[in-house]
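Engineer: got a sequence here, can you build the structure:
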Amino acid sequence: MFILPKGIIKRIEAVCRNFLWDNSADYRRIPLVGWDTICRPKDEGGLGLKDQETWNKAMVGRLVDWIAVHRDSIWVHWVQHNYLKGQEWMDYKPSTNSSWRARPRVQWVKAVWNGWALPKHQFLGWLVAHTALNTAARLSRFGVDIEDKCYLCGLVSETIEHLFCDCLYSKRIVRELSKKTAWSFPVRDVMNWCVHKMGTILQRGVQIAMMLSLVYQIWQQRNKSRHENVLIL
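Structural biologist: Predicted coordinates:
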């Protein structure tokens, strides 16, 4: 349905290549024959395996052909009605925000998947953006027999907003970090991921990376307090 990112294609090819040579998805042996050769037809010396990038483009090209020839399908009718609006495919000029997907772009994408942040910090930020962390309040709502008080301060119910915005421990960490860096860290923006517009691209990238690291460290300390059953404050 859409053009896959090159990184995804390379990963798929890596899994296939490793399985071919070592019956495993993990890299262990140097391939004896190049992947380009392997993907050639058998009559050209290859194994006839699909070149993932070429195959992906061919599948998308088939959809383009369906639109061009006005194939009788619900999806083609939807594209005609919402995008082409009576135009022929070759005359259509897509807008800059057009894509093959129908879901809107999330506002926090640049904040979470910030190249300056460590992958584990990015992943935790992604979970926070989806409010998917297993806080005490969330586990309690799911029927787990657990005290829902914050494991860091023990004062109120542990929600994501409390943990990263209102907890006295988190506020103290943010305050000390702001003093040392001379940057303000709007912790409540962890909830809506509003990217700070002040400063250069480099400064914003580093600041967001530091905020993601801060979120990660708070969560790590929270887990430590839970397992050791010791309040920080």
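Engineer: number of nearby residues for Lys6?
Structural biologist: Using other CB atoms under 10 Å, the number of residues around Lys6 comes to 10. Just so you know, the C-beta spots here come from the backbone N, C-alpha and C atoms, and that holds for glycine as well.
Engineer: wait, it touches Asn56, no?
Structural biologist: No - the pair Lys6 / Asn56 is not scored as a contact, 10.2 Å apart, by CB atoms under 8 Å.
Engineer: so where's this protein shaky on pLDDT?
Structural biologist: 1, 25, 28-30, 32, 43, 94-105, 184-199, 233 (pLDDT under 70).
Engineer: for Ile146, grab the count of nearby residues.
Structural biologist: Applying other CB under 10 Å, I find that Ile146 has 15 neighbouring residues.
Engineer: what about the nearest residue to it once chain neighbours are set aside, neighbour count?
Structural biologist: What sits nearest to Ile146 in space, not counting adjacent residues and going by CB to CB, 6 or more residues apart in numbering, is Leu139, at 5.2 Å. The tally of other residues near Leu139 (other CB under 10 Å) stands at 15.
Engineer: how near is Leu139 to Val64?
Structural biologist: 48 Å (CB to CB, to the nearest Å).
Engineer: how is this structure divided into domains?
Structural biologist: Here the domain assignment for the chain is 6-91, 109-228, based on automatic domain parsing.
Engineer: buried deepest among those, which one?
Structural biologist: Mean neighbours per residue, mean count of other CB atoms under 10 Å, is largest over the domains of the chain for domain 109-228, with a mean of 16.
Engineer: how long is it from one end to the other?
Structural biologist: 34 Å (CA to CA, to the nearest Å).
Engineer: again, but for stretch 146-155
Structural biologist: Terminal residues of stretch 146-155 are spaced 15 Å apart (CA to CA).
Engineer: same thing with stretch 18-37?
Structural biologist: 15 Å.
Engineer: got the contact list for that stretch?
Structural biologist: Contacts to stretch 18-37, defined as CB atoms under 8 Å, 6 or more residues apart in numbering, come from residues Glu13, Ala14, Val15, Arg17, Ile38, Gly45, Gly46, Asp51.
Engineer: before we move on, what about stretch 218-229?
Structural biologist: Outside stretch 218-229, the residues that touch it by CB under 8 Å, 6+ apart are 124, 133, 151-152, 158, 163-164, 167, 169-170, 173, 231-232.
Engineer: let's see 7 Å
Structural biologist: Outside stretch 218-229, the residues within contact range by CB atoms under 7 Å, 6 or more residues apart in numbering are Leu124, Tyr151, Leu152, Leu163, Phe164, Ser170, Ile173, Leu231, Ile232.
Engineer: follow-up on the earlier one: ok, of the contacts of stretch 18-37, which one's closest to Ser73?
Structural biologist: Using CB to CB, Asp51 is the member of those that lies nearest Ser73, at 27.2 Å.
Engineer: so who does that closest one touch?
Structural biologist: By CB under 7 Å, 6+ apart, the neighbours of Asp51 are Cys39.
Engineer: can you tell me the SS state at Ile67?
Structural biologist: Under DSSP: H, G, I helix; E, B strand; the rest coil, Ile67 falls in the helix class.
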